[in-house]
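Sharing a sequence plus its predicted fold:
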Amino acid sequence: MSAEYVETDQFRGARIHLSDLAGLEIRDCEVTNLKIVDCYGADISLGGDFKRLTVNDVDVTAYVESELDRLHPTRALAREAQTPDDYRTAWDAIETMWEATLTRAKLLPEEKLHEQVAGEWSFVETHRHLLFAADAWLGNCVLEEASPYHPLGFPAGGMPADESAKLGLTLDATPTLDEVLAPRRARMAKMRHAVEALTDSELDRVCTRKPADPYPDTEYVVRRCLKVVLKEEAEHHRYAVRDLAVLEA
């Protein structure tokens, strides 16, 4: 069985030399100044939020971002939203793309929608995560609801199990896609109402709550919170259609 290292700093500043790292997976880690030098192999895959990415002394950051925007134009709308109209335009696009993708996904057997591709979230788990993201950043932060978190919500892997339990989340639940879509559509409708009523002053309002207790104690402004929802929707749609293509094949 492969070794697993969680929440450790023992590799910070380390130098790994003349070693076999085939199959190594680094997930949800801080990798600033990571260097891979004079290595060899095939099928190398990188994914994440890289401010600058250099491959063989060539800065490919701008190329990767532009290609992603070309393939998934909604992510640019989400990232660049500034005015209330921008937020509305981005949300229009997000609703439209998900409706098309849900129609496509429902052509597959239900069990396929619970299947993980290469260890990533299943289609159902993706929608559970987007439900949680909107509950946290819209329901809790922006709307300040008394009970914002739906039990089927699925947080990012970094949230401790005890913190998830405090929010009333049932991580080991196995709901059908339709069971997840019911609360998810309800939350999306609240996002629709929020962006329809959005004004410049509301965008700059400071929220009195943070998404959940494990999040840092810092200033959360409405524009930032709503943008997180937009970007989560756009990026996870990209992952979803990537994996749907595999499931369909």
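Arrived safely, thanks for sending.

What ranges in the chain fall below the confidence cut-off?
Flagging of the chain using pLDDT under 70 yields the residue ranges 1, 28.

Packing partners of the longest helix seen in the chain?
The single longest helix within the chain, with elements called by DSSP state H, is helix 222-248. Of the remaining helices and strands, those touching helix 222-248 by 3 or more CB pairs under 8 Å, 6 or more residues apart in numbering; DSSP states H and E are helix 73-80, helix 84-105, helix 123-134, helix 177-196, helix 200-203. The way it works is simple: take the backbone N, C-alpha and C, and place the C-beta from them, glycine included.

In JSON lines, list those helices along with mean neighbour count.
Listed next are the helices and strands packed on helix 222-248 as JSON lines, based on neighbours: other CB atoms under 10 Å:
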{"stretch": "helix 73-80", "mean neighbour count": "19"}
{"stretch": "helix 84-105", "mean neighbour count": "17"}
{"stretch": "helix 123-134", "mean neighbour count": "23"}
{"stretch": "helix 177-196", "mean neighbour count": "17"}
{"stretch": "helix 200-203", "mean neighbour count": "13"}
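
Turn the ones you listed into a markdown table, columns for distance to I44.
As requested, the helices and strands packed on helix 222-248 are arranged in a markdown table below (distance: least, CB to CB, whole Å):
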| stretch | distance to I44 |
| --- | --- |
| helix 73-80 | 23 |
| helix 84-105 | 28 |
| helix 123-134 | 24 |
| helix 177-196 | 33 |
| helix 200-203 | 40 |
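
Relative to V37, which of the ones you listed is closest?
Of all the helices and strands packed on helix 222-248, helix 73-80 sits nearest to V37, with 31.2 Å by CB to CB.

Put the alpha carbons of that closest one into PDB.
Provided in PDB are the C-alpha atoms of helix 73-80 (Å, rounded to 0.1, in the frame of the first residue of the first chain):
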ATOM      1  CA  PRO A  73     -15.600  30.900 -21.800                       C
ATOM      2  CA  THR A  74     -17.800  31.100 -18.700                       C
ATOM      3  CA  ARG A  75     -14.700  30.900 -16.500                       C
ATOM      4  CA  ALA A  76     -13.500  34.300 -17.900                       C
ATOM      5  CA  LEU A  77     -17.000  35.800 -17.200                       C
ATOM      6  CA  ALA A  78     -16.800  34.500 -13.600                       C
ATOM      7  CA  ARG A  79     -13.200  35.600 -13.000                       C
ATOM      8  CA  GLU A  80     -13.600  39.100 -14.500                       C
END
